[in-house]
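S.K.: could you look at this predicted model? Sequence included:
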Amino acid sequence: MDQIQTMRVFVRVVEAGNFTRAGDSLGLPKATVTKQIQSLESRLRVKLLNRTTRRVTVTPDGAAYYERVARLLSDFDELESSMTNSNAAPSGRLRVDVGTAMARLVLIPRLQSFCDQYPDIQVDLGVSDRPVDLIGDNVDVVIRGGEIGDQSLVARRIGTLPFMTVASPDYLKRYGVPRTPHDLERGRQHVINFFSHNSRRVYPLEFHKDGETLEVTGPARLAVNDSNAYTEAALAGFGVAQMVRFIAAPYVARGELVELFPDWECPPLPVHVVYPPNRHLSAKVRAFVDWTAAEFARNQDLARAPDTAAVRAG
């Protein structure tokens with residue numbers, strides 16, 4: 001147990017950024033915290049922290065040790081909780097990752113209700129369109145649109161994102177209004193390309209009508225890999241964009257964007273809440289997953305998926 005306590009002290013120092021705040025949060029004198037960190041480094045025979053008079057930062061070895069230890073302590077605490085009091089209120093730190101537009105327009109405006117319902121859960125919200133490694137990045141749960149390729153994860157489908165094709169009035173005034181997606185295919189208009197963080201592969205604009213499928217990439221004057229930047233590029237008149245309806249609809253209603261090709265279907269995107277497989281799913285993760293599914297079910301801007309069961313991703 002002394003070793004576990006030392007691990008807790010180390011994790012708290014990393015998260016607090018200095019020995020004094022770490023000691024205060026743990027109810028320990030600064031001298032005790034310092035002594036435990038020195039003992040840990042001596043036992044491991046590696047330097048974990050760089051110390052200055054104002055701040056403590058982790059070394060590369062310390063960062064690697066922190067990720068493993070933080071996950072180990074979280075699992076330990078959850079096991080203890082499940083054995084001692086299965087009816088206890090969910091508590092602890094919950095690390096969530098979500099895309100930028102989803103965070104800004106869907107999750108954050110509603111997140112206060114989750115925090116009110118579960119006041120003992122501290123939410124660490126990572127916001128990025130970059131795919132994350134739940135295990136490697138020490139993330140408990142992510143919300144993502146699209147198919148989930150990692151078969152080691154559990155994915156619960158909670159909704160579907162309909163799309164619409166749009167362009168700004170200024171762009172259409174300068175370059176003309178395309179009548180069909182074929183005008184984009186023939187290079188008569190510009191499109192705004194969205195590319196993958198990892199592979200940098202460009203995602204094509206996709207259209208369906210009467211059994212015909214059309215995929216269009218370019219010509220483009222601009223390519224981005226962030227949904228907020230994609231929206232701003234469309235508003236700035238860089239070209240035609242294919243955007244999630246809950247993002248685009250308010251701009252269309254205000255006349256800042258114009259919907260194109262309403263008789264062509266843009267294939268919708270499934271939305272999943274994803275978490276690592278765990279025989280004893282923690283109470284805090286279960287609470288967030290169930291709350292997120294309920295919020296999506298109540299959101300009139302999102303089409304509800306026909307199947308919301310948790311399944312292996314793939």
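M.R.: Structure received.
S.K.: mind listing the strands for the stretch 151-300 of the chain?
M.R.: 154-161, 163-167, 191-195, 202-203, 205-209, 212-216, 220-224, 241-244, 258-260, 269-275 (DSSP state E, counting those that start in this stretch).
S.K.: and for the stretch 1-150 of the chain?
M.R.: Going by DSSP E, counting those that start in this stretch, the stretch 1-150 of the chain shows strands at 49-51, 56-58, 92-98, 121-127, 141-145.
S.K.: could you dump those strands to TSV with distance to residue 247, mean pLDDT and mean neighbour count?
M.R.: The way it works is simple: take the backbone N, C-alpha and C, and place the C-beta from them, glycine included. Output for those, formatted as TSV (distance: least, C-beta to C-beta, whole Å; pLDDT from 0 to 100; neighbours: other C-beta atoms under 10 Å):
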stretch	distance to residue 247	mean pLDDT	mean neighbour count
strand 49-51	42	88	15
strand 56-58	37	87	17
strand 92-98	14	91	20
strand 121-127	15	93	15
strand 141-145	11	89	21
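S.K.: can you say which of the strands of the stretch 151-300 of the chain is packed in most?
M.R.: strand 241-244 (a mean of 26; mean count of other C-beta atoms under 10 Å).
S.K.: what packs against it?
M.R.: strand 163-167, helix 227-235 (3 or more C-beta pairs under 8 Å, 6 or more residues apart in numbering; DSSP states H and E).
S.K.: could you dump these to a markdown table with mean pLDDT?
M.R.: Formatted as a markdown table, the helices and strands packed on strand 241-244 follow (pLDDT from 0 to 100):
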| stretch | mean pLDDT |
| --- | --- |
| strand 163-167 | 95 |
| helix 227-235 | 94 |
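S.K.: let me know which of the ones you listed is the nearest to residue 5.
M.R.: helix 227-235 (42.9 Å; C-beta to C-beta).
S.K.: who's in contact with the residue nearest to residue 93 when sequence neighbours are not counted?
M.R.: Sequence neighbours aside, residue 122 is the residue nearest to residue 93 in space, at 4.9 Å (criterion: C-beta to C-beta, 6 or more residues apart in numbering). For residue 122, the contact set (C-beta atoms under 8 Å, 6 or more residues apart in numbering) comprises 92, 93, 94.
S.K.: again, only this time at 10 Å
M.R.: 91, 92, 93, 94, 95, 115, 284 (C-beta atoms under 10 Å, 6 or more residues apart in numbering).
S.K.: ok, of these, which one's closest to residue 224?
M.R.: Distances from residue 224 to the contacts of residue 122, taken by C-beta to C-beta, are shortest for residue 95, at 26.3 Å.
S.K.: and the closest one, how far from residue 210?
M.R.: 46 Å (C-beta to C-beta, to the nearest Å).
S.K.: hmm, back to that, distance to residue 175 for the contacts of residue 122 - can I get that in CSV?
M.R.: Listed next are the contacts of residue 122 as CSV, based on distance: C-beta to C-beta, whole Å:
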residue, distance to residue 175
91, 56
92, 53
93, 50
94, 47
95, 44
115, 46
284, 51
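S.K.: so can I have a markdown table of the strands of the stretch 1-150 of the chain showing distance to residue 11?
M.R.: Formatted as a markdown table, the strands of the stretch 1-150 of the chain follow (distance: least, C-beta to C-beta, whole Å):
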| stretch | distance to residue 11 |
| --- | --- |
| strand 49-51 | 12 |
| strand 56-58 | 11 |
| strand 92-98 | 10 |
| strand 121-127 | 13 |
| strand 141-145 | 20 |
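S.K.: and of those strands, who's closest to residue 261?
M.R.: strand 141-145 (21.1 Å).
S.K.: alright, I will stop here.
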